[in-house]
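> quick one, fold the following:
(3 chains)
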Amino acid sequence: GAVWVRGPKRCTVLMQTFVLCVCSPGFQDVHVMIFVGFGFLMTFLQRYGFSSVGFNFLIAAFSLQWATLMQGFFHGFHGGKIHIGVESMINADFCTGAVLISFGAVLGKTSPVQLLVMAMFEVTLFSINEYILLSLLGARDAGGSMTIHTFGAYFGLVVTRVLYRPNLDKSQKRNSSVYHSDLFAMIGTLFLWMFWPSFNSAVTAHGDDQHRTAMNTYYSLASCTLATFGMSALTAHDGKLDMVHIQNAALAGGVAIGTAGEMMLTPFGSMIVGFLAGIISVLGFKYLSPFLESKLKIQDTCGVHNLHGMPGILGAIVGAVTAAAATTEIYGGGMKDVFPDVASQARDSFKQGGLQAISLVVTLGMALGGGLIVGFILKLPIYGSPSDTICYEDSIYWEVGSPYQRDADNVF
Amino acid sequence: GAVWVRGPKRCTVLMQTFVLCVCSPGFQDVHVMIFVGFGFLMTFLQRYGFSSVGFNFLIAAFSLQWATLMQGFFHGFHGGKIHIGVESMINADFCTGAVLISFGAVLGKTSPVQLLVMAMFEVTLFSINEYILLSLLGARDAGGSMTIHTFGAYFGLVVTRVLYRPNLDKSQKRNSSVYHSDLFAMIGTLFLWMFWPSFNSAVTAHGDDQHRTAMNTYYSLASCTLATFGMSALTAHDGKLDMVHIQNAALAGGVAIGTAGEMMLTPFGSMIVGFLAGIISVLGFKYLSPFLESKLKIQDTCGVHNLHGMPGILGAIVGAVTAAAATTEIYGGGMKDVFPDVASQARDSFKQGGLQAISLVVTLGMALGGGLIVGFILKLPIYGSPSDTICYEDSIYWEVGSPYQRDADNVF
Amino acid sequence: GAVWVRGPKRCTVLMQTFVLCVCSPGFQDVHVMIFVGFGFLMTFLQRYGFSSVGFNFLIAAFSLQWATLMQGFFHGFHGGKIHIGVESMINADFCTGAVLISFGAVLGKTSPVQLLVMAMFEVTLFSINEYILLSLLGARDAGGSMTIHTFGAYFGLVVTRVLYRPNLDKSQKRNSSVYHSDLFAMIGTLFLWMFWPSFNSAVTAHGDDQHRTAMNTYYSLASCTLATFGMSALTAHDGKLDMVHIQNAALAGGVAIGTAGEMMLTPFGSMIVGFLAGIISVLGFKYLSPFLESKLKIQDTCGVHNLHGMPGILGAIVGAVTAAAATTEIYGGGMKDVFPDVASQARDSFKQGGLQAISLVVTLGMALGGGLIVGFILKLPIYGSPSDTICYEDSIYWEVGSPYQRDADNVF
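Numbering: from 1, shown residues only, chains lettered A, B, ... in the order given. From the prediction side, this is the model:
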């Protein structure tokens, strides 16, 4: 059976049956990553916890619904109706993930109305890009190194570039963590880390393919975590670890294995990819982000370039190379699941690799072009954006008892 | 196979086999909602976090066991033995949910002994009410809009009315949140929100029925969240959002879809229900709760009337109307799963709708009558209830280093 | 199909197929326990939260990989290759659990390098002990009362004894919790508690056996929680509850049912075991730990002796007695799953019970001997271990804004 939502004009819905299991652990795990993972990961700011977890909640609830419609038009439209089910729900969560990555880049500097407008446009562009990559070009990207991470990161980076605030240093004192806010952020990190194998394998073919994806992701993440701790200590002048690295770079292994995870990368290959991703990500936080901010005027609050941008590109490249090297000897009967076009002899492996590389270029083009346009739309002075002196601050959008923290202290 | 616990006198147990899967995601998701969801949702109070999460833990662990026995007498009693298994564990969690809702109404004003006594009586009354509704009247209530939410809320509201404290304003300064306590509460909110589709579909028929229930809940919650953010901003004089609304009202969509979730409500219908629930709930927090406290002397700490009471009634009404409108044309072969009595021609749809409505009345009667009696039992001066000046305070029941918060500050 | 990792010299990997489901709830639940459960359980210290959750993350990511190799040599080595899959992932998590238990004993007094060295040796010893117990002696220990809890606890206790610091009282003011750190720790407690049924049943035979294990664990934990609250109030001079007990002793029921969980213990028997475990654990925290510290010079930061040590031994004894009492009459066809050696008439039940008891002795010997050697290795002055005046302190290993907490207060 199936469920149809009729197109945009008359939203009548015929409910029949669902084939897939809604309560599949895959779906629930991805859902936890979107709401708890991303939501708490961004609570590291000392006075922006309500907004981080609250606006994350708002944007996600909005994007889920909008993405169901948008992806329905491009992927699930049959006879004037949109088919919905578990796969559409997972895909909506994926699209939402891209929006939340962009949210990380502009965190603390945008009003909720701006965020909703950004989400509306980004979901649309995401769906178009995904349609080009997966349906037109026939690229493979099960874990979304390109469609989710690269797209979301560079889209957000361009938006934050267009919204550049030269006087943001007036809010600088709040652009940092306090002790407990870093612990809240670790809740987000750990739920993302634990469920990333489910994320990358959520829409792969059931059975062998799904298990290989999950295990590749698992080994990549484990290796990436070790690289992150090592690099964090090595790049510090006094050998101390930096919570920013642990919270973020330890996840880069999941991003970088997004495309190649379902391929025959082997555990050892996955570990190398994860290790590289961890190194790149920590180096990005340490040296590249300050450069991007001072020279290119890109104010990237959460460092999404280091967690999603560069590891996403790495993942796309690893995917292209692995695809180009695929042979029937290695994949056997699994070829039709991982590379259906190669299995059906519509193209050879080398051409598949080339199309993977083209997909990365298309994604970057869509993200940069789309981000530019949406950035200028968001620059219109009609959204109640916070002034430079009051960024990274909950109290302009939330009722916050004042002076609450101190008050609590006095009572005790 | 099956497992039997022999009745109350000789508790010998014969262990044989279990048919259902204990590790079903449905069960684990509900379990997370009960312990982490409810537990952390109530940590919003600045100095009652230990009690919120700790007493929640205590009451839940007690109620689970007591509910297994009580529900066993009414539902699973065969040949002098109680059958236990996954379904009994989920049902025990459901019953525990009702007790925890009532706990929300009296939060901060009761001793742990009072809470255990309340749980003992409430579990019993819950089981009787559930038996009348599901077994005698043949009503449908898979997600418990009536049996769990309406019953738990009004039972708790009557208890807190009977325990009215005219001088509670002496503890008023502690009846509020601090910054980090609101973030802890969001952990509860998000785990409740994410797993609510599993909650409502946990005991529905496997397959289509379960998936439809989960999707209806999912769309209701997404829509409710948007309504909540909108109403929270609209009802504030300065457009600011209120954390109390986000933490609570965003969940009302799950409550209001509890009865009709398994029915052919359609995604669009579910969204309308969720949207209404969000609006009602925010308006309740904003305007009705102060009125209830000042005029009706109902001191509802967590605002359970707004999250569980009114949305529960809404859910019961939506369920009755949807049941009355059910036709074999719409449901096809699914009729026997959703409305077995209608499918077997024991009654027609309209009568099913009427019995759903009667079930709501019965539930309200049981909750109000039972709450009245139990309230007076709890008013006996033998339970070590806190005095009016020391409500909402952990340190009377917990070892709390003093002056701990300040001490930590001085060290740093 | 299967997956092979070739032995240590040439780590080439042949990827074929996986039989079991990676996304099995069992695996994910255990994973959550290791990273969120253990990680946050140890954040109770007021100034050691970064290290607790961060080093837990580091050690776990390292141990998972090392355990996959080590356990592969002993359990999954076929034709020069290591078979990996879901079961190896769960077993790696189990082994990691033992390391994290030992981490709890030395928490706050060791450098990350020391911890990694400890993990390297402990994983190896764990694998040897597990091989002796399960493969050579044919003992049953599905939930690891012996292999995980007893081994991890006594190994860690001996290590902390060898690393005894006579002047640790200079850091005593930081060896305590603050209000919010205790709430963070409750996140760990609850995720451990909720998913413990999955932990104990993760590697039992699918079907009846798994369900019985989960339900026995569930009832043991529920009963243990009630015992913990009761004992905590009874042993306090003023009837107040102690957060340390709730966070830890409430979990002892899961430890104590680890060996016998898969056996025909009956719900009632499980409740008795859980109840005893809760009582023993609270008494241990209250009376035994101070004694161990003052007389035996064992500085057990997290009290692992009370949560894992004594309940682990209790669990081993319950397992031995239950095994000795097993008859074909009780177990029926299930005998071959629970006691394959008895079913195949290689031994009788009484001998199985004896071998269970011998397994406990072997485990204690391995833990004490191994801990002694590793303790002296860790005592070498080459690891950057913190001095006595600066234990339980994040700022020596982590970048911590200073004076951060106070600074945040001043801003608000």
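> distance of A:Lys351 relative to chain B?
39 Å (C-beta to the nearest C-beta, to the nearest Å). In short, each C-beta sits where N, CA and C put it, glycine included.
> tell me which element that residue is part of?
helix A:349-379 (DSSP states H and E).
> give me the neighbour count for A:Ile390.
Residues lying near A:Ile390 (other C-beta atoms under 10 Å in any protein chain shown) number 12.
> show me what contacts it?
For A:Ile390, the contact set (C-beta atoms under 8 Å, 6 or more residues apart in numbering or on different chains) comprises A:171, A:396.
> gap between it and B:Ala343?
According to C-beta to C-beta, to the nearest Å, A:Ile390 and B:Ala343 sit 61 Å apart.
> just to revisit the earlier point, pull out the buried residues from the helix holding A:Lys351.
By neighbour count on 16 or more other C-beta atoms under 10 Å in any protein chain shown, the buried set for helix A:349-379 is A:349, A:352-357, A:359-360, A:362-364, A:366-367, A:370-371, A:374-375, A:378.
> elements contacting it?
Applying 3 or more C-beta pairs under 8 Å, 6 or more residues apart in numbering or on different chains; DSSP states H and E, one finds that helix A:349-379 contacts helix A:112-130, helix A:151-162, helix A:310-324, helix A:340-343.
> want to throw those helices into TSV with distance to B:Asn200, mean pLDDT and mean neighbour count?
Formatted as TSV, the helices and strands packed on helix A:349-379 follow (distance: least, C-beta to C-beta, whole Å; pLDDT from 0 to 100; neighbours: other C-beta atoms under 10 Å in any protein chain shown):
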stretch	distance to B:Asn200	mean pLDDT	mean neighbour count
helix A:112-130	27	97	22
helix A:151-162	31	98	27
helix A:310-324	36	97	25
helix A:340-343	37	93	18
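> tell me the contacts of the residue of the stretch 51-200 of chain A found nearest chain B?
Nearest residue of the stretch 51-200 of chain A to chain B: A:Ala61, at 3.8 Å (C-beta to the nearest C-beta). Counting by C-beta under 8 Å, 6+ apart, A:Ala61 makes contact with B:221-222, B:225-226, B:250.
> return the subset of the residues you listed lying in helices.
Residues of the contacts of A:Ala61 located in helices (DSSP state H): B:221-222, B:225-226.
> worst-scoring helix or strand of chain A, pLDDT-wise?
strand A:13-14 (a mean of 31; mean pLDDT, DSSP states H and E).
> pLDDT weak spots in the stretch 101-250 of chain A?
For the stretch 101-250 of chain A, no stretch is flagged by pLDDT under 70.
> in it, which spans are strands?
Assigned by DSSP state E, counting those that start in this stretch, the stretch 101-250 of chain A shows no strands.
> near chain B, which residues of it?
A:112, A:179-180, A:184, A:187 (C-beta under 8 Å from any C-beta of the partner chain).
> which two of the residues you listed have the greatest separation?
A:Pro112 and A:Tyr179 (27.6 Å; C-beta to C-beta).
> quick check: A:Tyr131 touching A:His75?
Yes. Here A:Tyr131 reaches A:His75: they are 7.0 Å apart, a contact under C-beta atoms under 8 Å.
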